[in-house]
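**Q** following is a predicted model, sequence given first.
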Amino acid sequence: MVGHGWADASQLDLGGIGTARGQEHFALLFMGVAESIGSYGFGIKVVRPRAA
């Protein structure tokens, strides 16, 4: 499944309704970044640590 133009490998499933509170806080980050750069045209990438 491709969501909002992102490939499957680029998507991260945060889980069910139990994660909703964290996702609501992301909205504050999103709005702050959008206001700062004057656009909604950006993405945020989760970078996982390299395996030891």
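**A** Yep, that arrived.

**Q** ends of stretch 5-25, how far apart?
**A** 23 Å (C-alpha to C-alpha, to the nearest Å).

**Q** list the buried ones in that stretch?
**A** Residues of stretch 5-25 include none that count as buried (16 or more other C-beta atoms under 10 Å). In short, each C-beta sits where N, CA and C put it, glycine included.

**Q** in the protein, which residue is closest to the centre?
**A** Ile44 (5.4 Å; C-alpha atoms, centre = their mean).

**Q** what residues does that one make contact with?
**A** Leu29, Phe30, Val33 (C-beta atoms under 8 Å, 6 or more residues apart in numbering).

**Q** would you format those as CSV with pLDDT, neighbour count and distance to Thr19 included?
**A** Shown next, in CSV, are those (pLDDT from 0 to 100; neighbours: other C-beta atoms under 10 Å; distance: C-beta to C-beta, whole Å):
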residue, pLDDT, neighbour count, distance to Thr19
Leu29, 91, 10, 15
Phe30, 91, 13, 16
Val33, 95, 13, 20
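
**Q** ok, of those, which one's closest to Pro49?
**A** Of all these, Pro49 sits closest to Leu29, with 20.8 Å by C-beta to C-beta.

**Q** circling back to that earlier point, per-residue pLDDT of the residue nearest to the centre of the chain, please?
**A** With respect to pLDDT, Ile44 scores 85.

**Q** did I read that right, it in a strand?
**A** No: Ile44 sits outside any strand when classified using DSSP: H, G, I helix; E, B strand; the rest coil, being coil.
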